[in-house]
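[1] okay, here's the prediction I keep looking at, along with the sequence it came from:
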Amino acid sequence: MTALDKKMILPNGTILSNRIAKSAMSENLSNRYHAPTPVLIEVYKKWAKSGAGLLITGNIMIDSKAIGEPRNVVVENRENFELLKEWAKSVNGTNTHLWAQINHPGRQAMEQINSCLKAPSAVPLKFGRKKGTTKKIPIALNENEILAIIEAFGNTASILKEAGFSGVQIHGAHGYLVSQFLSPYSNVRTDKWGGNLENRSRFVIEVYRKIRARVGNSFPIGIKLNSADFQKGGFSEEESMEVVKILSKEGIDLIEISGGTYEAPAMMGKRKESTIKREVYFIDYIEKARKITSTPLMLTGGFRTAAVMQEAVASKQVDVIGMARPFVLFPNIANDLFTGKQSDFTSHIKKTGVKALDGAMNIIWYEAQIKRLGKGKKPNPKLNPWWVFLRYAWLIVAKKLF
């Protein structure tokens with residue numbers, strides 16, 4: 001495993017001990033007041049011992065009035081500062097970095113917990129098999145609100161740095177606010193924040209610059225970026241490449257590539273035969289991106305076997321291997337890779353048999369497994385998805401989640 005356990009030096013001089021990273025995924029483990037819980041902190045203590053060079057948290061929201069999921073952690077002030085410090089300390093005694101993923105959901109938020117949805121433009125989300133279900137129409141952000149959100153990103157990053165996190169990642173993918181600004185489908189503004197790509201990318205550039213000004217040059221900043229939105233009229237691969245060039249020039253430290261939105265979830269559909277053979281989603285994109293930037297690239301989505309991970313890094317197409325769900329069912333994954341104890345981390349969860357449920361079921365099934373880890377239990381690959389779903393539905397009905 002010489003390629004995978006090799007150190008990675010980021011542009012600002014930060015050193016990752018190896019090339020394995022836990023990518024962000026929904027934990028949904030805050031308390032009702034959106035503070036980190038002991039269960040959440042214990043999960044990261046367990047993952048810190050996995051041998052990975054980098055752990056990236058799930059969504060940390062920058063504004064309590066804009067929450068993606070019921071139990072997202074929110075950091076908008078120092079109210080829960082001591083708990084944040086405990087979370088940051090979860091990696092103490094290891095060679096693992098802990099970065100906080102910071103996010104604003106924009107229009108992609110639950111209406112039950114957000115009295116008002118704000119977005120670049122008044123364009124609603126559309127769901128359903130034929131995209132016929134339209135969610136609440138968001139209110140277009142005005143200039144002052146946009147500037148306030150940019151300031152909030154910087155504020156949250158500054159607090160997290162002070163708490164002891166070793167880096168932050170901007171969530172610029174999967175249809176959240178940064179992604180909404182980049183997409184001509186969801187951003188139909190006619191001012192300096194919309195229109196051509198230069199204007200649509202202004203928001204993410206200003207967010208990056210604000211964070212950099214608040215945390216300094218020695219503190220790593222990464223971004224999770226869509227390779228494309230995979231929907232008609234959305235953010236294209238060509239535009240994504242241009243944003244990679246822009247952010248690289250700005251000095252960002254790590255670009256994680258993903259793709260799709262909740263309207264068009266790219267990692268749940270069919271893949272080309274060439275991609276299936278290599279396991280990984282977006283590998284064709286990363287090969288092109290490697291030619292236009294020297295900024296470290298992290299690829300997430302589909303990695304399951306040691307041989308494919310090794311080849312991806314050894315070929316120098318990818319600098320960091322990102323995995324999320326394998327960390328849940330194989331919490332010692334990096335150590336197992338490096339020692340050769342295990343080389344295949346493929347797993348299949350049972351399906352409910354109801355297509356309309358199985359997409360959402362994947363998320364809450366893995367959240368249930370994360371909760372098990374935080375309570376000191378082992379993951380249970382045989383966990384019945386119907387039991388998970390019914391319990392989740394009961395929590396909603398009983399308003400235990402809100």
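    That came through fine.

[2] quick one: low-confidence parts of the stretch 251-400 of the chain?
    The stretch 251-400 of the chain contains residues with pLDDT under 70 at 260-279, 355-357, 359, 398-399.

[3] can you pull out the helices in it?
    Ranges of helices within the stretch 251-400 of the chain are 273-277, 283-290, 306-314, 325-329, 333-339, 355-374, 385-397, based on DSSP state H, counting those that start in this stretch.

[4] continuing past the one helix or strand residue 150 maps to, what's the next helix or strand?
    Element membership of residue 150, judged by DSSP states H and E, is helix 143-163. Next helix or strand after helix 143-163 toward the C-terminus (DSSP H and E): strand 167-172.

[5] residue 172 is nearest to which of the helices of the stretch 251-400 of the chain?
    Among those, the nearest to residue 172 by CB to CB is helix 283-290 (14.4 Å). Every residue, glycine included, has its C-beta placed from N, CA and C.

[6] the closest one vs helix 306-314, what angle?
    On the basis of axes from the mean of the first three to the mean of the last three CA atoms, to 10 degrees, helix 283-290 is oriented at 20 degrees to helix 306-314.

[7] would you put the C-alpha positions of helix 283-290 in CSV?
    Taking Å, rounded to 0.1, in the frame of the first residue of the first chain, the C-alpha atoms of helix 283-290 are listed here in CSV:
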residue,chain,number,x,y,z
ILE,A,283,-13.3,9.1,-12.6
ASP,A,284,-13.5,10.4,-16.1
TYR,A,285,-13.9,13.9,-14.8
ILE,A,286,-11.0,13.6,-12.4
GLU,A,287,-8.7,12.5,-15.3
LYS,A,288,-9.5,15.8,-17.1
ALA,A,289,-9.3,17.9,-14.0
ARG,A,290,-5.8,16.5,-13.2
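
[8] test my guess that residue 169 contacts residue 98.
    No: with contact defined as CB atoms under 8 Å, residue 169 does not reach residue 98; the gap is 10.9 Å.

[9] higher neighbour count, those two?
    residue 169 (27 against 24; other CB atoms under 10 Å).

[10] ok, now how distant is that one from residue 317?
    Residue 169 sits 21 Å away from residue 317, going by CB to CB, to the nearest Å.

[11] same check, this time on residue 13
    Residue 13 is 23 Å from residue 317, by CB to CB.

[12] which one of the two has more residues nearby?
    Set side by side, residue 13 and residue 317 show more neighbours around residue 317, with 17 against 10, by other CB under 10 Å.

[13] ok, now which ones touch the more buried one?
    With contacts defined as CB atoms under 8 Å, 6 or more residues apart in numbering, residue 317 is in contact with 283, 286-287, 290, 297.

[14] between the residues you listed, which has the most around it?
    residue 283 (24 neighbours).

[15] quick check, residue 41 in contact with residue 84.
    No: between residue 41 and residue 84 there is no contact, the gap being 9.8 Å when judged by CB under 8 Å.

[16] give me the angle between the helix holding residue 150 and strand 167-172.
    150 degrees.

[17] next up, the contacts around residue 94.
    Here residue 94 is in contact with 48-49 (CB under 8 Å, 6+ apart).

[18] in which helix or strand would I find it?
    Applying DSSP H and E, one finds residue 94 in no helix or strand.

[19] follow-up on the earlier one: so what secondary structure elements neighbour the helix holding residue 150?
    helix 81-88, strand 97-103, strand 167-172, helix 202-215 (3 or more CB pairs under 8 Å, 6 or more residues apart in numbering; DSSP states H and E).

[20] how about 6 Å then?
    helix 81-88, helix 202-215 (3 or more CB pairs under 6 Å, 6 or more residues apart in numbering; DSSP states H and E).

[21] can you redo those helices as JSON lines with mean neighbour count?
    Shown next, in JSON lines, are the helices and strands packed on helix 143-163 (neighbours: other CB atoms under 10 Å):
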{"stretch": "helix 81-88", "mean neighbour count": "18"}
{"stretch": "helix 202-215", "mean neighbour count": "20"}
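
[22] now the ones you listed as TSV including distance to residue 397?
    TSV is the format used below for the helices and strands packed on helix 143-163 (distance: least, CB to CB, whole Å):
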stretch	distance to residue 397
helix 81-88	29
helix 202-215	37
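
[23] tabulate those (TSV), appending mean pLDDT.
    As requested, those are exported to TSV (pLDDT from 0 to 100):
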stretch	mean pLDDT
helix 81-88	98
helix 202-215	98
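
[24] how about those, which one is nearest residue 57?
    Using CB to CB, the nearest of the helices and strands packed on helix 143-163 to residue 57 is helix 81-88, at 8.0 Å.

[25] which elements pack onto that closest one?
    Checking 3+ CB pairs under 6 Å, 6+ apart, helix 81-88 ends up next to helix 143-163.

[26] now do stretch 28-40: distance from first to last residue.
    One end of stretch 28-40 to the other measures 9 Å (CA to CA, to the nearest Å).

[27] can you check stretch 373-386 too?
    With CA to CA as the measure, stretch 373-386 spans 20 Å from end to end.

[28] now render the helices of the stretch 251-400 of the chain as JSON lines, adding distance to residue 174.
    Shown next, in JSON lines, are these (distance: least, CB to CB, whole Å):
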{"stretch": "helix 273-277", "distance to residue 174": "19"}
{"stretch": "helix 283-290", "distance to residue 174": "15"}
{"stretch": "helix 306-314", "distance to residue 174": "22"}
{"stretch": "helix 325-329", "distance to residue 174": "15"}
{"stretch": "helix 333-339", "distance to residue 174": "23"}
{"stretch": "helix 355-374", "distance to residue 174": "12"}
{"stretch": "helix 385-397", "distance to residue 174": "21"}
